[in-house]
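Chemist: Show me how the following folds:
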Amino acid sequence: MTPRRQERQRQAVLTTAHNDFAKGLNAHAFFKIHSHEMGEDMVQDTFLKTWNYLVKGGKIDVMKAFLYHVINNLIVDEYRKRKTSSLDVLLEKGYEPGEEHTETLLNVLDGKAAMLLIRRLPEKYQKVMRMRYVQGLTLKEMSLITGQSKNTMAVQIHRGLEKLKLLYTHPSHE
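Modeler: Below is the predicted model:
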């Protein structure tokens, strides 16, 4: 295959991936870091890193899983370098909390409540619940990542949901 043809093929693969997964990656990044602008930058970095990997001859079996792996690493890097800011410092710089962000704030709080409940699940259920409902992975993708069968993944998700429902209705149970 000619180098020009390989480049066109890589472009087509990445364009398709961007069309299919950019929205979900943006939502995932926003859920983790609570900044649309920074989330969009991370998604762009994710695709740039993926492009560089492909140019160097890397092979990607499951594009969605690969992209989420890359963006999760970028999110971890961001957490490590992020410095906490006090509300006073933010107010001095001109930040004023407004009512126009109420719906977004409520969605973030609902997501945080769900994540808190997921954290109370046994570790094996935490992992599959995050993969399925936070990252939006399919059973096939989860199976490829974990090395377990799709049936095993489905059973773990079902059991995790049952335990999550129990935690939701009876918060004192674990």
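Chemist: Okay, buried residues for stretch 44-60 please.
Modeler: If you call a residue buried by 16 or more other Cβ atoms under 10 Å, then stretch 44-60 has these buried ones: 46-47, 49-50, 54. For every residue, glycine as well, the C-beta is placed using N, CA and C.
Chemist: whoops, stretch 127-145 was the one
Modeler: For stretch 127-145, burial by neighbour count (16+ other Cβ under 10 Å) applies to 127-135, 137, 139, 141-143, 145.
Chemist: what does that stretch rub up against?
Modeler: Contact with stretch 127-145 is made by 24, 28, 31, 61-62, 64-65, 68, 114-115, 118, 121, 146, 148-150, 152-154, 156-157, 160-161, 164, as judged by Cβ atoms under 8 Å, 6 or more residues apart in numbering.
Chemist: Next, name the residue at the spatial heart of this protein.
Modeler: Nearest residue to the geometric centre of the chain (Cα atoms, centre = their mean): His28, 3.8 Å.
Chemist: That one: what's it in contact with?
Modeler: Taking Cβ under 8 Å, 6+ apart, one finds 68, 71, 134-136 in contact with His28.
Chemist: These in helices, which ones?
Modeler: Among those, the residues falling in helices (DSSP state H) are 68, 71.
Chemist: pLDDT check: weakest of the contacts of His28?
Modeler: Minimum pLDDT for these is recorded at Val134 (78).
Chemist: List buried residues within the contacts of stretch 127-145.
Modeler: 24, 28, 31, 62, 64-65, 68, 115, 118, 121, 153, 156-157, 160-161, 164.
Chemist: between those, which is closest to Met1?
Modeler: Comparing the buried ones among the contacts of stretch 127-145 against Met1 with Cβ to Cβ places Val62 closest, at 22.3 Å.
Chemist: who does the host helix or strand of Leu48 touch, helix- and strand-wise?
Modeler: Secondary structure from DSSP states H and E places Leu48 in helix 36-55. If you count contacts as 3 or more Cβ pairs under 8 Å, 6 or more residues apart in numbering; DSSP states H and E, helix 36-55 packs onto helix 3-33, helix 63-81.
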